[in-house]
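S.K.: fold the following, please.
(chains A, B, C and D, ligands or ions: 4)
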Amino acid sequence: MTSVSLAARDVSKAFFGNPVLRGVSIELRPGRVHALMGENGAGKSTLINILSGSLSPDSGSLDVGGRTASSLSPAEARQAGIAVVHQELSLVAHLSIAENIGLGAYASRGGRIDYSALAVRAAELCALVGLSGDLSRPIRDLPLGERQLVEIAKALYRNPKVLILDEPTSSLSARETERLMALLRRLKANGVALLYISHRLGEVMDLCDHVTVLKDGVCTADQPMAGMTPDEFVRLMVGRDAGDLFPAFESAARAETVIDVAGLSAGMVQDAALTLRRGEILGLGGLVGQGQEDLLLALYGAMPARARTATMLGAAGLVHSVTAANRRGIAYVPADRKREGLLLTHSIRFNMLLPDFGRAVSLALRRTSTERKLTDGLARLLTVKGDLSRPVQALSGGNQQKVALAKWMPQNPKILLLNDPTRGVDVQTKREIYLMLRRFAQEGQAIILLSSDTPELVHLCDRVLVMREGNLVAELPHGQVTEESIVAAAMGVSPAREAA
Amino acid sequence: VTAMMAAPVAAQAQSHCVTGTRKPPFSIGWANIYSVPTWMKQTTDTINSEAAELKKQGLVSKLMITDAQGSANTQIQQIQSMIDANMDAILVDAGSATALDRVISAACAKGIAVISFDSLVDSDDLTAKIIIDSKEWGRDAATWMAKTLDGKGNILVLNGPAGVSVSEDRRAGAMEVLKQYPGIKILAETNTPYNSAPAQEAVTNLLFSQPKIDGVLSLGGALSAGALLAFERQGRAPVPMTGENYRQFLELWKKTGIKGWAAMQPNWLGAMAAYVAVQALDGKPVPVHVNVPLPVITDATLPSYLARAKDFPTDGYIYSPYSQALFASYLAQK
Amino acid sequence: MKALLRSRPLLTTLVVLVVWIVAGFASPGFGSWPHLRYMLELASVIGLVGAGQTVVVIAGGIDLSVAAIVTLSTIALPLLSWSFDTTGAIAVLGVLALSTLVGLVNGIGIAWLRVHPMIMTLAMATFLQGLLILMAGGSAVTLDNPIVAWLGSARPFGFSACIMLWIVMSGLVLVLLHATPLGARFFALGANPLAARLSGVNIRATTLCAYGISGLMCGLAGLLALGMNGQGYVGIGDPYLLASIAAVVLGGTSILGGRGTYGGTLPGAVLLVTITALITVVNASPGLRDVLFGTLVLGLLLLSGREAKRR
Amino acid sequence: MMPSLYWQIQWRRNRRLTPLYGVVLLLLVVYGWLFPGLFSRAGLAHFTQSWFPLALVAMAQAILMLTGGISLAVGSLVSLGAVVAATTMGATGSLVSMLLVLAAGLATGAASGAIVALLRLPAIIVTLAGSFIIGGLALIILPRPGGMILPWLSAVLAGNNPTVLLGLLILLVLGWKFYLATPGGIALYAAGENPVAAYRSGIAVEATVIAAFAISGMLCTLAGLFVAAQTGSGDPVIGTTFTLNSIAAVVLGGVGFLGGEGTMRGALAGSLLLTVMINVMFFLGMPPVAQYIAQGIIIVVAVALPHLLGRRLAP
Ligand SMILES: Nc1ncnc2c1ncn2[C@@H]1O[C@H](COP(=O)(O)OP(=O)(O)OP(=O)(O)O)[C@@H](O)[C@H]1O
Ligand SMILES: Nc1ncnc2c1ncn2[C@@H]1O[C@H](COP(=O)(O)OP(=O)(O)OP(=O)(O)O)[C@@H](O)[C@H]1O
Ligand SMILES: [Mg+2]
Ligand SMILES: [Mg+2]
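M.R.: Ligands and ions are numbered 1, 2, ... in the order given. Have a look, this model is predicted:
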């Protein structure tokens, strides 16, 4: 029998009486990439938190390095060579990139952190994961995608024997993802045991050797990957046949323009020009952190911006505050739901009502019954299950994302600015979201879809703009968009057509 | 700024710290511990008007006022600034009995006339302390209370804030006397800031737990006002009470008709400090201890104070009239 | 049942009741109705200041200028009395407007100039101190405002007017916090200002409202304190700064913002007054009394104040 | 050559503080201009002495705020330090007395830290209760101002020569820099900003918080010792005003209330601003009313400046 690096045996865990894991077992082996699959809320993150010592299981045991224990502490896990890329990133916002990478495991010299050694090692790791730039920047200044790269570098810093990655690519673009895949293959070849969680089926099929599927906290499959088809996969996870992930493309764009700006500068964005028409889905792609987010924030009035000329929804000029944007009918869904989208300690219901508490009001008082009806409807629409008075932080990552999206629905916004809306969302829900976006477009809403998931840009968008270093470097109409053309434009390798 | 080297002691300079090298008009610094309370505001007013008077006499050039916002450390810093600015005299109402010792000595060593009044410093290394003896204050109040109760009865003792020398000294004086009257039983003691609301709160709580109270030995004016209010709001018959020249207390004293006694820490101590400083600088001999006899208000003299009440703020203190002649007479006393 | 036992407001109320019962047995006068009523009267002032403080803290800020605003309103009332204003209503409204204005200025500094709430309100307190030196002792008008005098001393049906005012205001604040859109926005702002902003909460307006409400509550509290004390003086507000913060935190509102309820501040205020009363009747040296006070607060906090575990 | 990573990080953290540095420098220049004696040995000594205790308590408060805590017991701890020094020095000699002072701070600090971290109680209310307990202890030890400090100690620390004091300050700052560059020091930031992340990274969050409280307590009693030396005696309520002032200094210096954000140099600059402001206002001959109003305005402006400037510079 081959050796086992880390295993969980018959592990169960409940939060406040709700069982999340029920007798789950999993075995990680050196030189094998193990996929952990399941819908949002299936219990994947909970399982890896137990494997890495961040949570203690209610029952069951863990096998680490030939030893059996009922639970681990993070320090013990580290000693055993277990490192985790957490889904909800575990970075300290005000510390620098380098300090975060080494956090909790610094090499020290005479009691002090050996900064020069740290600098060398951190630079190495950043190069490895494809993060460029100054290592002394604090995390709070980084866009989400780059934070994810730091989190990966942080896990690698520990020279793990067991590396657990919880949706490491959820905000990485095709290019960074590819680099990561190559890296993981090298680690595998070096005998590291890997556990990989992702809702991007393609990656999983490419990379993984073995798969465990969780459904509602129970293990429904534990088998080698070889020979499995994507459809089988989806069936294992969802429990029924998969349809097509993407709805058939059918442009709903109309003549009327809702956004027409030129010479827009904000944050990283320099002199950008773009138009958006009613019923259009406009994609925004590129490598991570090229200014795509700044562009959305500028249009949303959440970031100081100026433009040579601007017309938005018929009115001249940019909007200069979020409230003004909302009034005009512009909504924004952020990528970093934890920091920007949700009040984690507040209830799901409260979060869904956030943009407009005034909606369910009569006689100046909030009506609980109206609010209940409204939120129950939204929860059904987005298949968020369970008690809506739970705090949002008790939801799985994907379900949190649904809440962040759901809150805008009652507003019927005319323009939707979406920053990676399917980040961390399971296939099933992704499809629901795609259908929803198409429906919105058909109803005449205009959508800008910033996405790190390139297939989305390919299959959903009327046009795709690609950004590089703050400039819009390419505009690709639906027919010409392919994953390759986007990556090529993002890298600046092909002389793609200049943006209008 | 000229360095003040040890100047030859002038023949006529007899006051401590004064070297005789400083010539009128003099600059005066008033190092206030906290200028917000009304007592301090009234005191500052007397200093201002005295300084104006002395200016007219060509003895004072300017008056600089600092406010330490209640912090003895800031007061040290500000006195140091006055030394740095080479003021001729410094008037101090001390935020701590001991904390200012070193900086005051430093001022003295520079030939600056330092006068302490109201909250006094313990040190004697200064030009003059204008003394109203806090211990005597406590002793006299306790003696009056014991005599009024015929040496027998239950009393409450109301003290100012703990750890502050004025309040500790008044209490020490009172306790000295009460020891001699075994018939007088202290039911409870309180410590509150010298303000009426907290005193009223404390006394009300005590009234509920103490069915029989014969007297209230209050060692601060606002405390007495608070106590009287507490009795009134409880509908309890007020009892003999000591206090201070706080206007609200004097008015309540009259209104309730209690037997009362009040000492006075007159605000014009400030004016007198300015006067004494100038006298010392001007070469007149000034003793380090300038005693001001404790002014007392009794049932008999109460009306004369209340008659002037409207000239004083409602939350202020009604002090007796003063003049340079009065100050001079205190200075002449041995 | 379990959920109830986790509720801080309820636990704090239970603690208050237990303290009252135990102390009532130990000292008969302590538990008498008039004494309880008196403690409630005292608590009403802390409770009103605490109401504003609760709103501000829930909205993610803190107000260190409450003491100065309370004092300001007591000192300003006599200055605002005119002979034609026989009921004193104009003066009362004037004072409330003034204190609200001070609160709004705090809000402007915090929302527009982005000054940290602690700094802004501390600076405001300093600023008001300067103003008070100018105002104090300047006028010789005693409290002759009928409304304020009535508030401070009337006891219709054996129940104090100030307690009734407190109850009414408590109802309003609770409704405001938990049943109005504005209240919800306070919570959102305190929980995560960035997310709230991106979700369309008007941060500036909301901040302004929170500090305005705090100013208004301080104004009301000042009037009560004035009525109960018979006259105002500089420094009358001083005890309410720490007391209001303590009442808020004892009541389970998170000092970091976003979570809490005025329902906890209510028993928190009563608890503080009760402990103070208890300590007053204990015969001990002042130092020992302070030690006792601190120990009691800490001990009672242990009963009601634990925070959630990390793992 | 590129500056090393350490210095790059340090330099970056200065940026946000530039406006505050500017205001402080401006006030210092004005002060030096109004009072040239500042640049004499004694002038410098006296000014440093005014600043030193506030600098210490600002450091004490900053450490706590970095870990997401706050202390309302700073003032009481200063009083305790002063009282312990003034009552023990006569009997035990200066060395033992100083050790006692530091031990008192360490012990009370660690105890408060343990209550906060292990019992999961909010720091603000624990330290509020603690301020009564510690202040009460100070009153029990010394009910009325008194006691004494050995004159040589007063002369060395608070005489006309700033060398020892400045040396001590530099030593403290270096000590802090050293601590911050250790894994335990960085842990302060991590535990303050994101305790879950810190815990997951293998940091002992509770121990970090307790250590912060202990160090903070020690700095406070050290400030008490200095105040006692400066005044030659002990006073059981001398520290009262330090509590709010320490918070003001620290927040002025850009240390965040939510933990994990801010720098010690910012806190020190904040305390320096509060100190120099008082002297400048004196030399400008301002009456108390103007002092209060000016103080309020200077503080707000110093903090609002980055925003006001930022708006100018924004695109
Ligand atoms: N701290 C918590 N308190 C209460 N419930 C929790 C907590 N953490 C997770 N849960 C619940 O446990 C379940 C599993 O969550 P988990 O995060 O493990 O899901 P997941 O499989 O990782 O989903 P996703 O793909 O969306 O990340 C969810 O129903 C979630 O609501
Ligand atoms: N971090 C933050 N905390 C609190 N409020 C914020 C924050 N960031 C922005 N705001 C609020 O968001 C709104 C708009 O922010 P914006 O950055 O446009 O302000 P500004 O441009 O600097 O100020 P102005 O609009 O006066 O020019 C304002 O209400 C501002 O107070
Ligand atoms: Mg997950
Ligand atoms: Mg703006």
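
S.K.: count of residues packed around residue 297?
M.R.: No chain in the question, so chain A it is. Applying other CB atoms under 10 Å in any protein chain shown, we find 23 other residues in the vicinity of A:L297. The way it works is simple: take the backbone N, C-alpha and C, and place the C-beta from them, glycine included.

S.K.: hm, I was asking about chain D
M.R.: Neighbours of D:I297 (other CB under 10 Å): 13.

S.K.: what about the strands in the stretch 51-200 of chain A?
M.R.: Ranges of strands within the stretch 51-200 of chain A are A:59-64, A:67-69, A:82-85, A:108-109, A:112-113, A:162-166, A:193-197, based on DSSP state E, counting those that start in this stretch.

S.K.: any idea which of those strands gets closest to D:V84?
M.R.: strand A:112-113 (32.8 Å; CB to CB).

S.K.: show residues contacting that closest one.
M.R.: A:102, A:106-107, D:178, D:181-183, D:186 (CB atoms under 8 Å, 6 or more residues apart in numbering or on different chains).

S.K.: ok, of the residues you listed, which come out buried?
M.R.: A:102, A:106, D:181, D:183, D:186 (16 or more other CB atoms under 10 Å in any protein chain shown).

S.K.: tell me the pLDDT of residue 120.
M.R.: No chain in the question, so chain A it is. The score at A:V120 is 93. That number is its pLDDT.

S.K.: the intended chain is chain B.
M.R.: In this model, B:L120 carries a pLDDT of 91.

S.K.: phi first, then psi, for it.
M.R.: As for B:L120, its main-chain torsions (degrees, to the nearest 10) stand at phi -90, psi 160.

S.K.: so where does the spatially most central residue of chain C fall, helix or strand?
M.R.: The residue lying closest to the centre of chain C (CA atoms, centre = their mean) is C:V49, at 1.8 Å. Applying DSSP states H and E as the criterion places C:V49 in helix C:33-58.

S.K.: how much space separates the closest residue to B:G111 other than its chain neighbours from chain A?
M.R.: Spatial nearest neighbour of B:G111, excluding adjacent residues (CB to CB, 6 or more residues apart in numbering or on different chains): B:T19 at 4.0 Å. As judged by CB to the nearest CB, to the nearest Å, B:T19 and chain A stand 56 Å apart.

S.K.: how many neighbouring residues does B:T19 have?
M.R.: Neighbour number of B:T19 under other CB under 10 Å is 18.

S.K.: if we can go back for a sec, with pLDDT as extra columns, can I get the buried ones among the contacts of strand A:112-113 in JSON lines?
M.R.: Output for the buried ones among the contacts of strand A:112-113, formatted as JSON lines (pLDDT from 0 to 100):
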{"residue": "A:G102", "pLDDT": "92"}
{"residue": "A:Y106", "pLDDT": "89"}
{"residue": "D:A181", "pLDDT": "88"}
{"residue": "D:P183", "pLDDT": "90"}
{"residue": "D:I186", "pLDDT": "91"}
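
S.K.: low pLDDT regions in the stretch 1-150 of chain D?
M.R.: Residue ranges of the stretch 1-150 of chain D with pLDDT under 70: D:1-2.

S.K.: one more time with 90, if that's ok
M.R.: Counting by pLDDT under 90, the stretch 1-150 of chain D has low-confidence residues at D:1-19, D:37-42, D:90-94, D:119-122, D:147-148, D:150.

S.K.: what residue in it comes nearest to ligand 1?
M.R.: Per CB to the nearest ligand atom, D:R120 is where the stretch 1-150 of chain D lies closest to ligand 1, at 16.2 Å.

S.K.: cool, and chain D?
M.R.: D:V196 (10.2 Å).

S.K.: can you give me the strands for the stretch 51-200 of chain C?
M.R.: Going by DSSP E, counting those that start in this stretch, the stretch 51-200 of chain C shows no strands.

S.K.: got a list of what the residue nearest to the centre of chain C touches?
M.R.: So C:V49 contacts C:66, C:70, C:217-218, C:221, C:240, C:243-244 (CB under 8 Å, 6+ apart).
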